[in-house]
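Enquirer: sequence isn't available, so here's the structure alone:
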DNA sequence: TGAGATGTAACTATTGACATTACAACAGAT
DNA sequence: ATCTGTTGTAATGTCAATAGTTACATCTCA
């Protein structure tokens, strides 16, 4: 199992928006060229980022821009915008309640699984778009 | 995106093995009854756990037992046994190297993604089968 | 040798990811 | 007012993974 590439594509999109905002109109076609995929894929992900209040999109004229300051956007924000599953883990549906283990396995495991997911999300929350933009500019 | 239910099924299997080792022969049919799925699913997951050196399976006569002490088995061990993807994140394959962002996005993001995965794995590594067995016995 | 178990192959159904084509709706320029 | 470029979205196709099921060869012990 792997996460979809939506997280890395969305981050790539936001890096492009910040990097090229003064020089180009950042359209889905422009982004598709940098990411090397289909413009419809970009438009769908841009739509998710827009619903999450991360970007603004100009209908008709075209072009995307950030809806917040890049130091207010974390990888966790982006992740939640593009991955809609609330829980990282898929518990098998119907353990047998006649069995002592089947009856208790959920209550024994659930808080552990929550902690694991929280550890991942806390780490994502530490990383801001601002950092990523800064490192990108240093490398260019 | 969610992980498959193999992690929770595998953990359920190990809890059953430890809980019932003195009273029952723990076969794939027995386990399938507690987990409420098909015995072949169980046999496949038991095979993964066996390859990882976590359980021993008696061919012919039947029945599974732990290959290590339950305090030497962590959720991370179980996770790695049943989820074979090395990387949690799927990076979009071919960013455009003509574009400054496309050229740098990998080197900017890769270590962050590694840290996130490590945070998740470290949390998994804290949880031993022993703990889970203990809590299960308390709840029964 | 028979009974019960495991290991696997084969097949199906369902779902999600990703890609692509097509087109209606929109905004600004001429 | 029309044209151009863009967004939003529906429809379709391909591919891979998950989960379930049947079937059967193989193994071990009684």
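Expert: On my side now, so go ahead. Everything numeric here is computed off the predicted structure, so don't read it as measured data.
Enquirer: from here on, contacts and neighbour counts on C-alpha atoms
Expert: OK.
Enquirer: residue contacts, residue A:43?
Expert: residue A:28 (Cα atoms under 8 Å, 6 or more residues apart in numbering or on different chains).
Enquirer: give me the buried positions along the helix or strand in which it is found.
Expert: In the assignment (DSSP states H and E), residue A:43 maps to helix A:39-51. In terms of neighbour count (16 or more other Cα atoms under 10 Å in any protein chain shown), helix A:39-51 has its buried residues at A:39, A:42-43, A:45-50.
Enquirer: now stretch A:95-111
Expert: Here stretch A:95-111 shows A:95-96, A:100-105, A:108-109 as buried, counting by 16+ other Cα under 10 Å.
Enquirer: next one: stretch A:75-94
Expert: Neighbour counts over stretch A:75-94 (16+ other Cα under 10 Å) mark A:75-83, A:88-89, A:91-92 as buried.
Enquirer: in helices only, show me the residues you listed.
Expert: Assigned to helices by DSSP state H, the following of the buried residues of stretch A:75-94 qualify: A:75-82.
Enquirer: could I get the residues you listed as CSV with distance to DNA strand C and pLDDT?
Expert: As requested, those are exported to CSV (distance: Cα to the nearest atom of the strand, whole Å; pLDDT from 0 to 100):
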residue, distance to DNA strand C, pLDDT
A:75, 17, 98
A:76, 16, 98
A:77, 17, 98
A:78, 14, 98
A:79, 12, 98
A:80, 12, 98
A:81, 12, 98
A:82, 9, 98
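Enquirer: quick check, nearest of those residues to residue A:65?
Expert: Nearest to residue A:65 among those is residue A:78, at 14.7 Å by Cα to Cα.
Enquirer: didn't that closest one look like it was pressed against residue A:7?
Expert: Yes. Using Cα atoms under 8 Å, residue A:78 makes contact with residue A:7 at a distance of 6.7 Å.
Enquirer: tally of neighbours for the closest residue in space to residue A:84 that isn't next to it in sequence?
Expert: With sequence-adjacent residues excluded and distances taken as Cα to Cα, 6 or more residues apart in numbering or on different chains, residue A:84 is closest to residue B:1, at 7.8 Å. Look at residue B:1: counted by other Cα atoms under 10 Å in any protein chain shown, it has 15 neighbours.
Enquirer: residue B:1 touches residue A:6, doesn't it?
Expert: No. The pair residue B:1 / residue A:6 is not scored as a contact, 10.7 Å apart, by Cα under 8 Å.
Enquirer: mind telling me what element residue A:137 is part of?
Expert: helix A:129-139.
Enquirer: other residues contacting that helix?
Expert: By Cα under 8 Å, 6+ apart, the residues outside helix A:129-139 that reach it are A:14-15, A:18-19, A:70-75, B:101, B:104-105, B:108-109.
Enquirer: quick check: the farthest pair among those?
Expert: It's A:72 and B:104 that sit farthest apart of these, by Cα to Cα, at 22.2 Å.
Enquirer: now check the top helix by length along chain A, is it near DNA strand D?
Expert: Taking DSSP H as the criterion, chain A has its longest helix at helix A:100-125. No. For helix A:100-125, no contact with DNA strand D is found by Cα under 7 Å from any atom of the strand; the gap never falls below 14.5 Å.
Enquirer: off-centre distance for that helix?
Expert: Here the centre of helix A:100-125 is set off from its chain's centre by 21 Å, with Cα atoms, centre = their mean, to the nearest Å.
Enquirer: tell me if that helix is near chain B.
Expert: Yes. Applying Cα under 8 Å from any Cα of the partner chain, one finds helix A:100-125 touching chain B at A:100-102, A:104-105, A:108-109, A:112, A:115-117, A:119-121, A:123-124.
Enquirer: just the residues contacting the helix or strand encompassing residue A:15, thanks.
Expert: Assigned by DSSP H and E, residue A:15 belongs to helix A:6-20. With Cα under 8 Å, 6+ apart as the contact definition, helix A:6-20 has outside contacts at A:26, A:31, A:35, A:45-46, A:49, A:64-66, A:75, A:78-79, A:82-83, A:129, A:132-133, A:137, B:90-92, B:101-102, B:105.
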